[in-house]
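Q: Quick one: sequence and predicted model below, then my questions.
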Amino acid sequence: MKLLILDRDGVINEDSDAYIKTLDEWIPIPSSITAIARLSQAGWTVAVATNQSGIARGYYDMATLESMHARLRQLVAEQGGEVGLIVHCPHGPDDGCDCRKPKPGMLQQIAAHYATELAGIWFVGDSSGDLQAALAVDCQPVLVKTGKGERTLAKPLPPGTLVFDDLAAVADQLLS
């Protein structure tokens, strides 16, 4: 199985330090939507693992989150692609869960869903927490410079981290 796992905010859509709280605030990065569709058409399964502590903080509810993900699926489908499993962590940073990145729980959920091993699977994110979660389950950490990526790049990266300008560049590499 050709599996690619993506973080959401900052990789697929614009990020905001004030949280993405409404469907109107969920602004896709156009090249990311195209990249997901291209990968899907080429036989890749594209899954998403996203921290959504705004739910625990009361900034938005599950229905709003689901509307964002429905919009993502719709936009990718309009380009002939498909989004695979989307998992989210609704917990706050102090809730002690095992799913909130940098913990690997969401990546393990995806592996269990697809009955596959994670070793060597690319996990694309824009934050240190994403890269740490990847390492915790032997995924290949991949950093994109979109979202918080430039800020993350200013800090030491885990050894072996691959760096790309954006998700479109990741797709170009995987499809070449």
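A: Ah, there it is. Numbers count the residues shown, from 1 in each chain.

Q: which residues sit against stretch 12-26?
A: 6, 9, 27-29, 32-33, 36, 48, 54, 57, 59-60, 64, 67-68, 71-72, 126, 147-148, 167 (CB atoms under 8 Å, 6 or more residues apart in numbering). (C-beta placed from N, C-alpha, C; glycine too.)

Q: could you flag which of those are buried?
A: Among the contacts of stretch 12-26, those buried by neighbour count (16 or more other CB atoms under 10 Å) are 6, 9, 28-29, 32-33, 36, 48, 54, 60, 64, 68, 72, 126, 147-148, 167.

Q: and the residues you listed, which of them are in strands?
A: Within the buried ones among the contacts of stretch 12-26, residues falling in strands by DSSP state E are 6, 48.

Q: buried ones in the helix ranked longest in the chain?
A: For the chain, the longest helix by residue count, based on DSSP state H, is helix 62-78. If you call a residue buried by 16+ other CB under 10 Å, then helix 62-78 has these buried ones: 64-65, 68-69, 72-73, 75-76.

Q: Same check on stretch 133-148?
A: 133-137, 139-148.

Q: With respect to residue 176, which of those residues is nearest?
A: Residue 176 has its nearest neighbour among those in residue 142, at 15.0 Å by CB to CB.

Q: The closest one falls within a strand, correct?
A: Yes. Counting by DSSP: H, G, I helix; E, B strand; the rest coil, residue 142 is located in a strand.

Q: where's residue 119 relative to residue 37, distance?
A: 27 Å (CB to CB, to the nearest Å).

Q: Count the residues that sit near residue 22.
A: Residues within reach of residue 22, counting by other CB atoms under 10 Å, total 12.

Q: Checking it next. Helix, strand or coil?
A: Per three-state DSSP, residue 22 ends up coil.

Q: Next one, pLDDT for it please.
A: Here, the pLDDT recorded for residue 22 equals 97.
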